[in-house]
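J.: What follows is a predicted protein model with its sequence.
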Amino acid sequence: MPESIHQLAAIMFSDIVGYTAIMSRDVEFGLELLRKNREIQKPMIEKYNGKFLKEMGDGILAQFNSAIDAIHCALEIQKKARDEMSAKIRIGIHLGDVTIENEDVFGDGVNIASRLQSISDPGGIYISESIFEAVRARKDIRCELLGDIQLKNVDHPVKTYFLKDKKLLPVPSSSKRKELIGLPGKPLFKQLWFYAIILLLLLGIAITGKWMLNTKGSSIRSIAVLPIENLSGNEDEKWLVSGIHQGLIDEMTKVKELRVVPRRSTLKYEATDKSIPEIASVLDVDAVVEASVIRTSNNLNLQVRLIQAFPEDKQLWNQNYNSDIQNVLITYTEVARAIAEEIDISLTPEEEIMLSGSHLVNPVAYEAYLKGTEYWEKQVEGSLNTALQYFELARETDPDYAPAYYGIAMAWGGKMQGGYVPYRVAGPKIIAAMDKAISLDSTLVDAHCWIAIYNTWYFWNWDIAEKEFQKALNMNPNHTYSLAYYAHYQAIMGQPVEALPYIERAIKLEKQNGLINGLYGMALRHARKYDEAVEFLKEAFAEFPDEMIIFSTLRSLYHDQHMYDEAINAGKQYYGIRGDTATMIALEQGYKEGGYQHALQRNAEVLIARQDTSYITPWQIATLYVRAGMNDDAIEWLENAYEEQDVNMPYITVDPIFDELRDHPRFREILKKMKLLE
């Protein structure tokens, strides 16, 4: 009989998150990951006076004589795994009896450590009460109680803690906490008795007519998809994670009965420590979707969870999807269908058609499109040029890929809106690209929205704009940009007050979007609700100081209310933020020399003088001259703006700044040419 040694030891068990899934797709990559893991952990274990016992699959078992050494070792392993492997490790640590026999180890310490590891968060460290008691006096080690957890093959609940490190370790979600201390893991006979009691109770309620329990989540009609967790650990693939996030949202918004929060409003909840009910309360939703992704080469492993927020947060559904990138759109559709079924939403025939339009994508074209979108969102000239290059690459790679053309149109639209190119250059390119996108895929809600926007502000085709806005809102009644810009369209058409309910719906859906806040402030100004607009935009500017539309609208509001000191200061700040020192100085000196109107005249002259070196919109000059009281000059520049097809010109009907020009014959002639006046 071999000799056995019994002792009390701190046992650490760790494994690589997603290793099995990785190996199933890429054996060489999986083996390389295992080698790196071994190279990191062995020296760390020795550094902290531990003993490397053995490998168990993708896991490593180690023994320490000190609980403190075990914890410090675990923390350093997590940091190195993140920094050097771009991977996440699950670690469990327990202080208990072990038996060492023939250089192998057995016992309670090993079993509980391995079970703690199996329930740990990716990148997390779970410890038992015995470890906690040994380190609780240490100020450099922070722990928090999870609860009494029934671990698999352990005959008693184990009081479990997780280590806290704000910069390194994840915090278990409230839904996971509830899951861990719930039914899973309890002896089968206890579960059966529990379910039998619940069944009898529900049967009694149903018989008495008091059936009110929602077992399928049918009360869920609003959802927020939280930012996707990238378990691959590659920070260079932000474009992919953002694309998956937007892709899931786009598919779910095709279910009209379901309100889905726009992506931008959810971004601040990336790596948050807020609970599901807290997030749901702020976003005004019934449930959230959490997802994580692991990418290996062209393969994706997507884990999706639906979590009800109220009356308590609990997981209703989860599913793992394995596919290569060419099937990714089909995966998004499968997720949308599964969630609709889970919350008892019956798809309409129209929705069935929209959710059956997914097809295979060329991985190279899809990657180029997502990268282009990431650059497009920055909305500065250099990024727009890079975005256009990626969108063109997507088109060249797959000439039948509709989003590529949509991206091309958006890039040229951004260049035109930013004043980097005039309409005569960008306009034809936008029209051609958008027409091609819609001809390839008529279900692109964003495309219909932007066709409506372009036909309003760039092409002045009012009837087409109305029809496209209606198409977009019919496909998705909660499409934020369609609601916001349709409100502006209605104001341009002479109904600024009637337009407010649309923009109010948009701001309710996406209060965290700086652009929507700016558009709402503009809509209030167009409706002549000046005081309300000023108060709203002051708060919005404090939250979104980089959103220029908020700042420029505030400046206009100060002019409308004859608050000239405030208007000048706002103008100086505006040009200061843009780095335009010359205009800022001219505005300040002009105000000192001759007052408000002279300052605006000087402002206009500086901008006119640089027309040979940069594109200055005629509309901008016209607004400065009308503020300066130089109405004839303002009219002349408005005529130039008409000839240039200036994108701001549609606001000529509703902007209060032109109220004193409305009876001017030349002003009315412009309106007639634009078909805004009979």
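T.: It's in.
J.: Return the residues in contact with the residue nearest to residue 520 when sequence neighbours are not counted.
T.: Of all residues not flanking residue 520 in the chain, residue 507 sits nearest, at 4.7 Å (CB to CB, 6 or more residues apart in numbering). (Each C-beta comes from the backbone N, C-alpha and C, glycine too.) Shown in contact with residue 507 (CB atoms under 8 Å, 6 or more residues apart in numbering): 484, 516, 517, 520.
J.: name the element residue 507 belongs to?
T.: Using DSSP states H and E, residue 507 maps to helix 500-509.
J.: do the same with residue 302
T.: Assigned by DSSP H and E, residue 302 falls in strand 299-308.
J.: Just give the number of residues close to residue 665.
T.: Residue 665 has 7 neighbouring residues, counting by other CB atoms under 10 Å.
J.: Read off the pLDDT value for it.
T.: Confidence at residue 665, expressed as pLDDT, is 95.
J.: could you list every residue that touches it?
T.: With contact set as CB under 8 Å, 6+ apart, residue 665 has no partners.
J.: Look up how far residue 280 lies from it.
T.: Distance from residue 665 to residue 280, counting by CB to CB, to the nearest Å: 57 Å.
J.: Same check on residue 389?
T.: 40 Å.
J.: do residue 475 as well
T.: Distance, residue 475 to residue 280, by CB to CB: 26 Å.
J.: again, but for residue 670
T.: 49 Å.
J.: between those two, which one's more packed in?
T.: Comparing residue 670 with residue 280 by neighbour count (other CB under 10 Å), the higher total belongs to residue 280, at 23 against 19.
J.: Am I right that the more buried one sits in a helix?
T.: Yes. If the criterion is DSSP: H, G, I helix; E, B strand; the rest coil, then residue 280 is within a helix.
J.: Now for it: which residues touch it?
T.: By CB under 8 Å, 6+ apart, the neighbours of residue 280 are 224, 286, 287, 288, 309, 310, 313.
J.: can you rerun that using 10 Å?
T.: Going by CB atoms under 10 Å, 6 or more residues apart in numbering, residue 280 touches 222-224, 261, 274, 286-288, 307-310, 313.
J.: Out of those, the closest to residue 355 would be?
T.: Using CB to CB, the shortest approach to residue 355 within the contacts of residue 280 belongs to residue 223, at 15.6 Å.
J.: and after the helix or strand of the chain with the lowest mean pLDDT, which helix or strand comes next?
T.: Counting by mean pLDDT, DSSP states H and E, the chain has its least confident helix or strand at helix 188-207, which shows a mean of 42. Downstream of helix 188-207, the first helix or strand assigned by DSSP H and E is strand 222-225.
J.: where's the next helix or strand after that next one relative to the chain centroid, distance-wise?
T.: Moving toward the C-terminus from strand 222-225, the next helix or strand (DSSP H and E) is strand 229-230. How far strand 229-230 lies from its chain's middle: 12 Å, per CA atoms, centre = their mean, to the nearest Å.
J.: mind listing what residue 463 touches?
T.: Counting by CB under 10 Å, 6+ apart, residue 463 has contacts 455, 675.
J.: Next up, identify which helix or strand it is on.
T.: Following DSSP H and E, one finds residue 463 within helix 462-475.
J.: Any regions of the stretch 301-450 of the chain where pLDDT drops low?
T.: Where the stretch 301-450 of the chain drops to pLDDT under 70, the residues are 357-358.
J.: Same question for the stretch 151-300 of the chain.
T.: 166-167, 173-179, 181-218, 233, 235.
J.: cutoff 90 now
T.: The stretch 151-300 of the chain contains residues with pLDDT under 90 at 151-159, 161-222, 228-244, 246-247, 249-286, 291-300.
J.: May I see the contacts of residue 280 arranged in a markdown table, with neighbour count as well?
T.: Formatted as a markdown table, those follow (neighbours: other CB atoms under 10 Å):
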| residue | neighbour count |
| --- | --- |
| 222 | 17 |
| 223 | 26 |
| 224 | 26 |
| 261 | 26 |
| 274 | 15 |
| 286 | 18 |
| 287 | 26 |
| 288 | 25 |
| 307 | 27 |
| 308 | 23 |
| 309 | 25 |
| 310 | 15 |
| 313 | 23 |
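J.: between those, which is nearest residue 458?
T.: Nearest to residue 458 among these, with distances taken as CB to CB, is residue 261, at 29.1 Å.
J.: Need the nearest residue in space to that closest one, chain neighbours excluded.
T.: That would be residue 224: by CB to CB, 6+ apart, it lies 4.1 Å from residue 261.
J.: Look up how far residue 266 lies from that neighbour.
T.: Taking CB to CB, one finds residue 224 at 5 Å from residue 266.
J.: any common contacting residues for those two?
T.: The contact lists of residue 224 and residue 266 share 249, 260, 279, 283, 285, 288, 289, where a contact means CB under 10 Å, 6+ apart.
J.: Which of the residues you listed fall in helices?
T.: Judged by DSSP state H, these include 249, 279, 283 as members of helices.
J.: so the first one sits right up against residue 255, yeah?
T.: Right, the one you point to is residue 249. No. Applying CB atoms under 10 Å as the test, residue 249 and residue 255 come out as separate, 11.4 Å apart.
J.: Residue 645: neighbour count?
T.: Neighbours of residue 645 (other CB under 10 Å): 18.
J.: Next, count neighbours for residue 325.
T.: 20.
J.: got it, and the one 5 residues further on?
T.: Counted with other CB under 10 Å, the neighbours of residue 330 add up to 17.
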